[in-house]
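In: A structural model of the following input is requested.
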Amino acid sequence: MHVTSAGFIGPGRGSPPEALAVAAEYGVDLTGHRSQVITSEILHVAGAAIVMDVRQRAALLSRYGVSAGRVLLLGDFDPEPIDTRTVPDPVDQPRAAFEASYARIARCVDAMAQAVRPGR
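Out: Numbering: from 1, shown residues only. Below is the predicted model of the structure:
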């Protein structure tokens, strides 16, 4: 499986210090990561697009014509009870917001990986 990160905000931005520190606790090195804007080409080769909120999902469906079945909301995989399907973006917030967001992302990714694991 190959994973690519892309979004709706300008290209070339590095991760903030809080993101680097919290990601490192999960064994992820974001020092070389730079943002890139989603494109039709990226979506064309993707088997699925995983988004953080329903507005992002709607944008992919309307702007890029991606079929609804190929756009998944990461928060829907959360194995814990949730108040919202949205995984909040912690940018410009204190470290605690990154910790909460990354913990939720980790739970959701683990559950999603179990759901799509071959042989299930």
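In: tell me which residues in stretch 19-37 are buried?
Out: Ala19, Leu20, Val22, Ala23, Leu30, Gln36 (16 or more other C-beta atoms under 10 Å). Any C-beta I mention is one placed from the backbone N, CA and C, and that applies to glycine too.
In: Output that stretch as CSV, nothing but the C-alphas.
Out: Written as CSV, here are the backbone C-alpha positions of stretch 19-37 (Å, rounded to 0.1, in the frame of the first residue of the first chain):
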residue,chain,number,x,y,z
ALA,A,19,3.4,18.3,15.1
LEU,A,20,7.0,17.2,14.8
ALA,A,21,7.2,16.5,18.5
VAL,A,22,4.0,14.6,18.8
ALA,A,23,4.5,12.6,15.6
ALA,A,24,7.9,11.6,16.9
GLU,A,25,6.2,10.0,19.9
TYR,A,26,4.4,7.8,17.4
GLY,A,27,7.6,6.9,15.6
VAL,A,28,6.8,9.2,12.7
ASP,A,29,9.4,11.7,11.4
LEU,A,30,7.7,14.7,9.8
THR,A,31,10.9,16.8,9.4
GLY,A,32,11.0,16.3,5.7
HIS,A,33,7.2,16.5,5.1
ARG,A,34,5.9,19.4,3.0
SER,A,35,2.3,20.1,2.2
GLN,A,36,1.0,19.6,-1.3
VAL,A,37,-2.3,20.6,-2.8
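In: Could you tell me how far that stretch lies from the centre of the chain?
Out: Distance of stretch 19-37 from the chain centroid (C-alpha atoms, centre = their mean, to the nearest Å) equals 13 Å.
In: Doesn't Gly12 lie inside a helix?
Out: No: counting by DSSP: H, G, I helix; E, B strand; the rest coil, one finds Gly12 to be coil, located in no helix.
In: Closest to Asp83 out of the buried residues of stretch 19-37?
Out: Val22 (21.2 Å; C-beta to C-beta).
In: Am I right that that closest one is in contact with Ile105?
Out: No: the pair Val22 / Ile105 is not scored as a contact, 10.3 Å apart, by C-beta atoms under 8 Å.
In: Run through this protein and note the low-pLDDT ranges.
Out: Within the chain, the segments meeting pLDDT under 70 span 120.
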